[in-house]
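Student: Turn this into a structure:
(2 chains)
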Protein chains: 2
Amino acid sequence: MNEKTIKNFDTRKINRDKSGKSSEAVAVEKSYDLLLDGMRVTSLMASPSELRELGYGYLSTEGIVKSESQILSVRVMENEIYAFVEGAENIRNSLELRSSGCVGVNLDKKGKKEQASVESDLSIPSQTIFQALKELRSNVYAQTSGSHSAVLLDREGTVLAETVDVGRHNTYDKVVGKALMKDIDLSKTMLLSTGRQSAGMVMKAARSGIPIVVTKAARLSSGIKAAQRTGITLICFPDEEKMEIFSHSERIKFSSSSKREKTKNSGKRNE
Amino acid sequence: MNEKTIKNFDTRKINRDKSGKSSEAVAVEKSYDLLLDGMRVTSLMASPSELRELGYGYLSTEGIVKSESQILSVRVMENEIYAFVEGAENIRNSLELRSSGCVGVNLDKKGKKEQASVESDLSIPSQTIFQALKELRSNVYAQTSGSHSAVLLDREGTVLAETVDVGRHNTYDKVVGKALMKDIDLSKTMLLSTGRQSAGMVMKAARSGIPIVVTKAARLSSGIKAAQRTGITLICFPDEEKMEIFSHSERIKFSSSSKREKTKNSGKRNE
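Tutor: Below you'll find the predicted structure:
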């Protein structure tokens, strides 16, 4: 029996004019170890459904078996997929894992107690975040539809560093690399991304000490849990009109655009 | 000096009423090895730009260094990024690579001459592919915006197997797994996907013997090259009105929808 592939998470929801509580449906992502003839071959982050099919297909799509008849059995027990095959090929290759920017991505190991924890008293008005979203435009994406962007901003919304890559994880590496090379204090920045926020993505921000992560794409259950645990404020924009804050919302100060407009119109400064 | 991040590829372009040649901008994806104090830590698939920043940031985002001052140097030579650090931590962890369905993905190793090659005389009318796209709808995506889908169809466009997962690579494993468990001949199928077609994705199809891959998302340079090399017909839909065929277009027979409509209206059968 498979677990649920969707779970609800509590959020604070802010649009341009109001702030309130909500609950949002999130895709569940879990970690599964694949064992081949008793040897751990890989860990897969996947939806908790059709895990036997996942193991069965992996043996074929990664070239470990050439024919279905070589597969003796595939069994799933909790978080482990046990495969037994005859004449396995290509196992050595299976230990080399690559794809578009999605490799080199450690989860935090709860068992091993990795203690990444972000401490920062950074606080940003919601309007600044709404306005910052426009910085995620990319010329490469406009031409190819095949790239991701990441932008690092300060509390006033000024761009400190930005980058583009085919891999969402690479954009975090590149933009953090740029910041380090320029001696920017990452604890005073927020990170905007076009990529889904899985645990691997959120942990990259956590290890670098970035307190606020904003995505235009979806969040996954593993990413929300990692953000809650490490002290990151995780914000998602299902559209450009509202933000959903899944963790540590205390860093975001609600500021209404209409109030701002009024203040501006009456000639007063907006403090 | 970095290479180009965008390259043009020749295509055959088919919309509902006509077929012709075109050239399309594609995001370039290349493989880079990261060596830490002389030891290969990982391979990254990335855009060929800002590679020094990529290496610099990776050291921080993966927790290999705690502070920028530990980084002695990062140099890029061709396809290798050489990093030298003081007091590296967490290297063991760096060898365990995970993220949403993006792991467990071998490229074909040109050097090692992996001989995946698809042979199939499958041929499909373009209208069948236009109509098949509707099968990619997913209830999980509708609720969470955080999932991928894959659907396997026969030459008449009948659905043979389908699946949903947070990882685009997992959807290929699951749908191939289902097909194998049902004894479906994969050489007579086409695979529809919501995921970008990098080399890792295309090679999964190639190893399983699937001759036609169709994506609603972008294609990457590495995916096109893998498709050309292994004999896969790679089709991309920049919107639902036109398809771009990047390799082995001989399997797609152009069939005009307007002609079909006329034929239907005049009471004749469409052969």
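
Student: Show the secondary-structure elements that the helix or strand hosting A:Met201 is packed against.
Tutor: Taking DSSP states H and E as the definition, A:Met201 sits inside helix A:199-208. Judged by 3 or more C-beta pairs under 8 Å, 6 or more residues apart in numbering or on different chains; DSSP states H and E, the packing partners of helix A:199-208 are helix A:168-181, strand A:212-215, helix A:221-230, helix B:51-61. Where you see a C-beta, it was placed from the backbone N, CA and C, and this is true even at glycine.

Student: taking the ones you listed together, which one is wrapped up most tightly?
Tutor: Comparing those by mean neighbour count (mean count of other C-beta atoms under 10 Å in any protein chain shown), helix A:168-181 ranks first with a mean of 29.

Student: mean confidence for that one?
Tutor: The pLDDT scores in helix A:168-181 average 95.

Student: CA atoms only: put that helix into PDB for me.
Tutor: In PDB, the C-alpha atoms belonging to helix A:168-181 read as follows (Å, rounded to 0.1, in the frame of the first residue of the first chain):
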ATOM      1  CA  ARG A 168      18.200  24.600 -10.900                       C
ATOM      2  CA  HIS A 169      20.800  23.400  -8.400                       C
ATOM      3  CA  ASN A 170      23.600  24.900 -10.400                       C
ATOM      4  CA  THR A 171      22.000  28.300 -10.200                       C
ATOM      5  CA  TYR A 172      22.300  28.200  -6.400                       C
ATOM      6  CA  ASP A 173      25.900  27.100  -6.700                       C
ATOM      7  CA  LYS A 174      26.800  29.800  -9.200                       C
ATOM      8  CA  VAL A 175      25.000  32.700  -7.400                       C
ATOM      9  CA  VAL A 176      26.500  31.700  -4.000                       C
ATOM     10  CA  GLY A 177      29.900  31.400  -5.700                       C
ATOM     11  CA  LYS A 178      29.600  34.900  -7.100                       C
ATOM     12  CA  ALA A 179      28.600  36.200  -3.700                       C
ATOM     13  CA  LEU A 180      31.500  34.600  -1.900                       C
ATOM     14  CA  MET A 181      33.900  35.900  -4.500                       C
END
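
Student: returning to what we had before: export the helices and strands packed on helix A:199-208 as JSON lines, with columns for distance to B:Lys174.
Tutor: As requested, the helices and strands packed on helix A:199-208 are arranged in JSON lines below (distance: least, C-beta to C-beta, whole Å):
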{"stretch": "helix A:168-181", "distance to B:Lys174": "22"}
{"stretch": "strand A:212-215", "distance to B:Lys174": "25"}
{"stretch": "helix A:221-230", "distance to B:Lys174": "18"}
{"stretch": "helix B:51-61", "distance to B:Lys174": "30"}
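
Student: out of these, which comes closest to B:Glu29?
Tutor: Proximity to B:Glu29 (C-beta to C-beta) singles out helix A:168-181 among the helices and strands packed on helix A:199-208, at 10.1 Å.

Student: starting at the chain centroid, how far to the next helix or strand after that closest one?
Tutor: Downstream of helix A:168-181, the next assigned helix or strand under DSSP H and E is strand A:190-193. Taking the mean of its C-alpha atoms, strand A:190-193 sits 11 Å from the chain's own mean (C-alpha atoms, centre = their mean, to the nearest Å).
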